[in-house]
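Student: Need a 3D model of the sequence below.
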Amino acid sequence: MIEKREILESFKRARDAKRDWIEEATEDYEFAVGKQWDKAVLEKLAKDGIRGLTINKIQPNLFLVSGIQRQNRSDFRAFPEGGEDTTLAEVSTRLLKNVMKSSRAQYKLSEMFEDGLICGEGWLEPYIDYTYDLLNGEMKFKKVSCFNIFPDPDSSEYDLSDAEFVDKFTTGITEKQAIQLFPDKEAEIKKIKNRRLNLDILSEDPDHQTKGYNSSGNIKSDELHTGRVEKDTFDLLEHHYKHYAKKYVVVDRIKGKTKEAKDKDAAEAYVKLVEGQDFPDDKHPELPKAAVIVRTCPEIRIAAMLGDTKIDDYEAPFYPKWKTFSLIPFFAHRITTPLKEVREYQVQGIVRSLKDPQREVNKRRTQELRHLNSTTNSGWISEKGAWVKKAEVKRIGASAGVVLEYNQGFSKPERITPAPLSQAHAQMVAENTQDMKEISGINADLLAMGDQSSSGRAIALRQQQGVVMIQRILDNFGHTKQLLGRFILSQLGELYTVETATEVVGQQFIKLNFSRPVMRQAETDEQGNQISDGSVPEVDERGELVLEVRQEDVLAVFNMVLNDESVAKYDVSIGESAYNETIRYSNSLLLMEMLEKGAPIPPEIIIEESMLNGDTKNKIKAAIAQAQQAQQAQLANKGGQTTP
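Tutor: Okay, the predicted model is just below:
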């Protein structure tokens, strides 16, 4: 579909645009973990017998913001667009939560968030694992290094919807791994001689040979920060791109929707099906009920290169249900206005602006220690010949509790008073520390530090005010989670059948939402006259309605959630709700507060809303029931006794 030269040109253009950013981001990671000195400076200090101090004030800030994200995790929730969509939304919500739980995606999201905090960019790659289920796979997520992903430099949309391509470059792929990735290409893989990605095809244009490429045209893999590069391993370039093709779109006036057909024959067959349905239209009776429109639409495809060989070109596995790139981005702070000379500053995390204050803190603290060490043994002042053992004074004169002797007839030697520590250095350290707090937005309010007598509500309000400083980062992460939620919703049909989906939501939910009254059949008398028309519901001997679950209703709703692409567009919208554990914890605190104020709340309800596990809850409730029965029996015995 796409030529090898076009793949390489796109990749080179994307990498050239991101090269300076990668250098800055690499330093961001080094500062985050504590590598904050230039090697040459440390060596120079070491020659003078001085150790360069690293007072890492960046890392606690990262831990704090990451902790805020982890404490405020939320579940996906599908909100109904209309009242009739409530059941659709509830089914979608339960399936989304099941995917997140089984894939443990919350932990991957937290790792992705930390990447964004440090360098400004995080990436998540979803895939479906069919290892143990060939029909319905298991959704999984892989956190991808930002040094491996190279998006179209001309794109500006957060979700990459306007990008023409996104490249993923990986080194160190063994032959066995390559065959696992492309099992149908085993013979071709074994014949590949040049296993490094080669740009010789671009060598006709001298402008292509810039830094990062050696004379043979091979990319210096170690500059890409993508992991190990061992002998006989492959470079793998996965070029996700848009291929524009002719599509047949059916406009269905009865449903008021459009549907993309597989080909022309499928489109015409759908039109015939719609034309056979009743659809009274007094306003425009001359218009057909359905029509086919031919459009040029983008398909999402992936072209894979192993070394210098294009090994495959295939339709993206999540297309057409997901019509954009499946790599999910997170940008902590992002400017979309193009900056030609400083592109490396367009995407950044909270570390970027803290590096200079952090350098100053390390320098000043090191200088303070150096000053202290150099002035501690300030020396002695004495007349020439005053010391009995001058060599011993030089050797141990600064030791604690030392006894020194001087000759009679000489003035008593005096210790030279050490110079005081530089207040200027201490002041600069304090200023730099304050600068870091203001730059990062991590202040006393966010840390809940302040007056110890403040109430819990006041502390919570101060924390909310402190979060305002990092709200942009949290909003962007919310955008990322909504994007991920819509992606998972589009793939539910690949993960569940109607049978497995109903198992996930549970029979209790099915009975509650799909039960309908059983209607009596029409009755006639002996002469054949109709007594009832079948509109009266059946009741049992206790006078309660007889209910039944209609499987056709269940099938219709679940098929719609799993297979109808229009659900995410017209029926439900993906948002967030509080994490289940958070809700339960809040409910438990509220119930205890109500109980303290005298509300008649049964203990069973308090136990059920607690954070205890199911077995413990059952044991406690059984013990409560047993105690109540014993109390009732005791009262009954007292009531049956007679007084003499």
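Student: Outline the domain layout of this protein.
Tutor: According to automatic domain parsing, the chain comprises the domains 167-324, 579-644.
Student: I'd like the next helix or strand past the longest helix seen in the chain.
Tutor: Scanning the chain for the longest helix, with DSSP state H as the assignment, gives helix 4-33. Following helix 4-33 in sequence order, the next helix or strand is helix 39-47 (DSSP states H and E).
Student: What average pLDDT does that following helix get?
Tutor: Helix 39-47 comes out with an average pLDDT of 90.
Student: List the buried residues for the helix or strand just after it?
Tutor: With elements assigned by DSSP H and E, the helix or strand that comes after helix 39-47 is helix 58-71. For helix 58-71, burial by neighbour count (16 or more other CB atoms under 10 Å) applies to 58, 61-62, 65-66, 68-69. Every C-beta, even on glycine, is put in place using the N, C-alpha and C of the backbone.
Student: Turn those residues into JSON lines, including distance to Thr87 and pLDDT.
Tutor: Rendered in JSON lines, the data for those read as follows (distance: CB to CB, whole Å; pLDDT from 0 to 100):
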{"residue": "Ile58", "distance to Thr87": "49", "pLDDT": "89"}
{"residue": "Asn61", "distance to Thr87": "45", "pLDDT": "87"}
{"residue": "Leu62", "distance to Thr87": "43", "pLDDT": "91"}
{"residue": "Val65", "distance to Thr87": "39", "pLDDT": "88"}
{"residue": "Ser66", "distance to Thr87": "37", "pLDDT": "90"}
{"residue": "Ile68", "distance to Thr87": "35", "pLDDT": "85"}
{"residue": "Gln69", "distance to Thr87": "32", "pLDDT": "88"}
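Student: The longest helix of the chain versus helix 58-71: what angle between them?
Tutor: 110 degrees (axes from the mean of the first three to the mean of the last three CA atoms, to 10 degrees).
Student: buried sites along helix 4-33?
Tutor: Those would be 7-19, 21-22, 24-25, 27-29, 31-32, for helix 4-33 by 16+ other CB under 10 Å.
Student: Let me know how buried Arg301 is, in neighbour terms.
Tutor: 19 (other CB atoms under 10 Å).
Student: What strand or helix carries it?
Tutor: With DSSP H and E as the criterion, Arg301 is inside strand 290-306.
Student: got any ranges where the stretch 101-250 of the chain has weak pLDDT?
Tutor: 199-230 (pLDDT under 70).
Student: Please enumerate the helices of it.
Tutor: In the stretch 101-250 of the chain, the helices defined using DSSP state H, counting those that start in this stretch lie at 105-119, 175-181, 186-191.
Student: So for His333, which of those sits nearest?
Tutor: His333 lies closest, by CB to CB, to one member of the helices of the stretch 101-250 of the chain: helix 105-119, at 8.7 Å.
Student: Which secondary structure elements does the closest one sit against?
Tutor: helix 4-33, helix 58-71, strand 121-129, strand 138-144, strand 328-331, helix 471-490 (3 or more CB pairs under 8 Å, 6 or more residues apart in numbering; DSSP states H and E).
Student: same question for the shortest one, mean pLDDT?
Tutor: Average pLDDT, strand 328-331: 96.
Student: Stretch 513-522 now?
Tutor: Per-residue pLDDT over stretch 513-522 has a mean of 76.
Student: any idea which residue sits dead centre in this structure?
Tutor: Leu109 (2.4 Å; CA atoms, centre = their mean).
Student: Need the buried residues of helix 58-71 in TSV (columns: distance to Val468).
Tutor: Below are those laid out as TSV (distance: CB to CB, whole Å):
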residue	distance to Val468
Ile58	21
Asn61	16
Leu62	19
Val65	13
Ser66	18
Ile68	12
Gln69	16
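Student: Neighbours of Trp311, how many?
Tutor: Trp isn't right for residue 311; it's Ile. Using other CB under 10 Å: Ile311 sits among 20 other residues.
Student: Helix or strand for the most far-flung residue of the chain relative to its centre, just tell me which one.
Tutor: The outermost residue of the chain relative to its centre, with distances by CA atoms, centre = their mean, is Gly409 at 81.2 Å. For Gly409, there is no host helix or strand (DSSP H and E).
Student: What's the per-residue pLDDT of it here?
Tutor: So Gly409 comes in at 84 (pLDDT).
Student: Quick check: the gap between it and Ala391.
Tutor: Counting by CB to CB, to the nearest Å, the gap from Gly409 to Ala391 is 21 Å.
Student: now swap in Asp265 and tell me
Tutor: Distance from Asp265 to Ala391, by CB to CB: 106 Å.
Student: Leu339 too?
Tutor: For Leu339, the distance to Ala391 - CB to CB - is 66 Å.
Student: now the strand holding Arg301 against helix 4-33, angle please.
Tutor: Interaxial angle of strand 290-306 relative to helix 4-33 (the same axes, to 10 degrees): 70 degrees.
Student: What is the helix or strand just after strand 290-306 packed up against?
Tutor: Using DSSP H and E, the helix or strand that follows strand 290-306 in sequence is strand 309-315. Judged by 3+ CB pairs under 8 Å, 6+ apart, the packing partners of strand 309-315 are helix 186-191, strand 290-306.
Student: Distance-wise, check Phe11 relative to Asp235.
Tutor: Phe11 is 11 Å from Asp235, by CB to CB.
Student: which neighbours do the two share?
Tutor: Among the neighbours of Phe11, those also in contact with Asp235 (CB atoms under 8 Å, 6 or more residues apart in numbering) are Phe169.
Student: Sketch out the low-pLDDT regions of the stretch 401-550 of the chain for me.
Tutor: Using pLDDT under 70, the flagged stretches of the stretch 401-550 of the chain are 418-423, 425-426, 429, 435-436, 438-466, 521-536.
Student: now do 90
Tutor: Along the stretch 401-550 of the chain, the parts satisfying pLDDT under 90 run over 401-472, 506-550.
Student: And the strands in it?
Tutor: Counting by DSSP state E, counting those that start in this stretch, the stretch 401-550 of the chain has these strands, from start to end: 414-415, 515-517, 523-524, 530-532, 547-549.
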